[in-house]
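> Give the three-dimensional model of this entry:
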Amino acid sequence: MPLKYHFISGLPRSGSTLLSALLRQNPRFIAGMSSPVSPLFNNMFKVMNSHELKVVFDEKRRISMLKNLVDSFYAEASPEQVVFDTNRNWTGKMALLAKLYPDSRIICCVRGLPWIIDSVEKMLAKNPLYMSNIFKPERDNSVYKRAESLMNADNGLIGLPFNTLREAWFGDFAKRLIVIPYEPLAQNPKGTLNLLYKELGEKPFTHDFENVQYDEPAYDENLGMPGLHKVREKVEYKERKPAIPPDLYNKYAPAAFWTKPETNPRGVTIIQP
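Model prediction:
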């Protein structure tokens, strides 16, 4: 019996680590922070499409090799388990995922862009003795330059996944998306997960929202942002004022297209209990 796969994607600092930490409480589910499967796909594509080798890779072989790569990465999973592979780049591979895993869904965690920028700034303020690897040194001199770097459409921490999310949202495979805004996930995790389970056709499971555990200290320290993926033990939503300048907040506030019914022509599923 082949493993069942779903994919977690969307925007950074928007709840994907929290969602994975909750899902992995269910012994049937495998979930974690960003995995290397998507970049491994990219490297395999380069080989399969290189000038001197592409003639030996027909469609059947390509599908087999890509699926075997994923199965090999999750070789320790048992057949009755469900894998949730996380990578922000999955929204840029919607057609490929539909081809390889036609029954899979892509779960996208989203959040207002100003609050994502604000969250990054909060993490930087918590670690003033570190230089974050997500910025080039010449971009780490003001919140405005850092925001500009984050929003870069080609390789920005926010800009690239934001653009691929828009591509998926308005594209032919939009019905495969399940969008989870950060606020309902943090404010009502039980209702959010109940709806997610129903959408995925999974049996209900009693989660513990008072004792959530997840941390990746070695990964975060290497990134120069200790605590980046550490999840608080209790799931709760805390109101606070933004720490970024008002003009920067207002610049990106209108970008939350998922909050406007008129910009959802494909009927993307949005979980809001």
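
> Tell me who's in contact with G159.
150-153 (C-beta atoms under 8 Å, 6 or more residues apart in numbering). (Glycine included, C-beta is placed from N, CA and C.)

> Just give the nearest non-adjacent residue to it, would you?
M151 (4.3 Å; C-beta to C-beta, 6 or more residues apart in numbering).

> that older thread, would you mind listing which of the contacts of G159 are buried?
150-151 (16 or more other C-beta atoms under 10 Å).

> so which pair among the contacts of G159 is furthest apart in space?
Distances among the contacts of G159 were taken as C-beta to C-beta; the most separated pair is L150 and A153, at 11.0 Å.

> ok, and for stretch 106-124, which residues are buried?
If you call a residue buried by 16+ other C-beta under 10 Å, then stretch 106-124 has these buried ones: 106-121, 123-124.

> Can you flag which of the residues you listed belong to strands?
Using DSSP state E, the subset of the buried residues of stretch 106-124 located in strands is 106-110.

> Would you point out the most distant pair within those?
Within those, I106 and V110 form the most distant pair, 12.2 Å apart (C-beta to C-beta).

> Next, show the common contact partners of these two.
With C-beta under 8 Å, 6+ apart as the test, I106 and V110 reach no residue in common.

> Just give me the longest strand of the protein.
strand 4-10.

> Off-centre distance for that strand?
8 Å (C-alpha atoms, centre = their mean, to the nearest Å).

> First-to-last residue distance for stretch 17-31?
9 Å (C-alpha to C-alpha, to the nearest Å).

> Could you do stretch 148-164 as well?
18 Å.

> what comes up buried for that stretch?
149-151, 156-164.

> Go through these and flag which are in helices.
Among the buried residues of stretch 148-164, the ones falling in helices (DSSP state H) are 149-150, 159-164.

> As a check, name the ranges of all strands in the stretch 51-200 of the chain.
Using DSSP state E, counting those that start in this stretch, the strands assigned to the stretch 51-200 of the chain run over residues 82-86, 106-110, 177-181.

> and the second one, which strands flank it?
Yep, that's strand 106-110 we're talking about. Strand 106-110 has its sheet partners listed here by DSSP bridges as strand 4-10 (parallel), strand 177-181 (parallel).

> Check which element follows the helix or strand of the chain at the bottom of the mean pLDDT ranking along the chain.
Scoring the helices and strands of the chain by mean pLDDT, DSSP states H and E places helix 217-223 at the bottom, with a mean of 64. Later in the chain than helix 217-223, the nearest helix or strand by DSSP states H and E is helix 246-252.

> can you list contacts of that next one?
112-114, 117-118, 143-144, 147, 151, 242.

> and that helix, which residues are buried?
Neighbour-count burial for helix 246-252 flags 248-249, 251-252 (criterion: 16+ other C-beta under 10 Å).

> Stretch 128-148 now?
Going by 16+ other C-beta under 10 Å, stretch 128-148 has these buried residues: 132, 134-135, 143, 146-147.

> For that stretch, measure first residue to last.
From the first residue to the last, stretch 128-148 extends over 20 Å; the measure is C-alpha to C-alpha.

> now that stretch, how far from the chain's geometric center?
Centre to centre, stretch against its chain (C-alpha atoms, centre = their mean), the figure for stretch 128-148 is 22 Å.

> Also stretch 98-109?
With C-alpha atoms, centre = their mean as the basis, stretch 98-109 stands 13 Å off its chain's centre.

> which outside residues touch it?
With C-beta under 8 Å, 6+ apart as the test, stretch 98-109 has contacts from 4-11, 14-16, 19, 63, 66-67, 70, 84, 90-91, 94, 97, 165, 168, 173, 176-182, 185, 196, 199-200.

> low-scoring pLDDT stretches of the stretch 1-150 of the chain, where are they?
Low-confidence segments of the stretch 1-150 of the chain (pLDDT under 70): 1, 136-140.

> ok, now the stretch 151-273 of the chain?
Checking the stretch 151-273 of the chain against pLDDT under 70 turns up 215-229.

> how close does whatever residue is furthest in space from the centre of the chain sit to S72?
The C-alpha centroid of the chain is most remote from E52, which lies 34.8 Å away (C-alpha atoms, centre = their mean). As judged by C-beta to C-beta, to the nearest Å, E52 and S72 stand 25 Å apart.
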